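Asker: Build the 3D model from these lines:
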Amino acid sequence: MEQGKEKRNRKGGRKPKIDPAVHRYSISLTDNENAKFLSLFEESGLKVMAHFITACIFQKPIKTVKIDKASMDFHIQLTKLYAQFRGIGINYNQIVKLMHQNFSEKKAQLSLQGLEKKTVELSLICKKIIELIKEFEEKHLENTLKK
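Answerer: Residues are numbered from 1 along each chain as shown. Got it, this is the predicted structure:
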């Protein structure tokens, strides 16, 4: 029976905070001020508007995140290109396997010579892409980090 009494005396729910925020303030903003406030809030990356406001009031450092659309587009295109290269590699492996299964060794090698030439061209293109990526990172990404 003593155990039953202990359960009845306990309160359910979440533990109370040590220092709850109970003081509330209200401000009014014009349309222009509100637009500026909302853009600053979005740039901060914070998810809770109250945390953003307290950070502004008490001059805590606010993290702003600026997304460069050109860099994002560049990254997306590189990702697509990488996926295409993987697809080409898979197709290449499948063709070589089928050639060796269906043709004699000599005939398969003759047929694959053209494919080898195209593979060399593809690797040269890949090297150019890597050079462009490095050039882009040196010029564009380092400039954005310095700002």
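Asker: shaky segments in the chain?
Answerer: Low-confidence segments of the chain, defined by pLDDT under 70, span residues 1-11, 62-67, 140-147.
Asker: Could you chop it up by domain?
Answerer: Dividing the chain into domains by automatic domain parsing, as the record does, gives the ranges 20-65, 69-146.
Asker: Export these to a markdown table and append columns for mean neighbour count.
Answerer: Quick note: C-beta positions are derived from backbone N, CA and C, even for glycine. Listed next are the domains of the chain as a markdown table, based on neighbours: other Cβ atoms under 10 Å:
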| stretch | mean neighbour count |
| --- | --- |
| domain 20-65 | 10 |
| domain 69-146 | 11 |
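Asker: Could you dump the ones you listed into JSON lines with distance to residue 14 added?
Answerer: Formatted as JSON lines, those follow (distance: least, Cβ to Cβ, whole Å):
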{"stretch": "domain 20-65", "distance to residue 14": "11"}
{"stretch": "domain 69-146", "distance to residue 14": "40"}
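Asker: Of all the ones you listed, which one comes closest to residue 12?
Answerer: The minimum distance between residue 12 and those falls on domain 20-65, with 18.3 Å, by Cβ to Cβ.
Asker: rewinding a little: to residue 13, which of the domains of the chain lies closest?
Answerer: domain 20-65 (14.0 Å).
Asker: for this protein, longest helix please?
Answerer: The longest helix of the chain (DSSP state H) is helix 69-102.
Asker: name the helices or strands packed onto that one?
Answerer: Judged by 3 or more Cβ pairs under 8 Å, 6 or more residues apart in numbering; DSSP states H and E, the packing partners of helix 69-102 are helix 105-136.
Asker: Could you give the separation of the helix it packs on from the chain centroid?
Answerer: Here helix 105-136 is found 30 Å from its chain centre; the criterion is Cα atoms, centre = their mean, to the nearest Å.
Asker: Cool, thanks, signing off.
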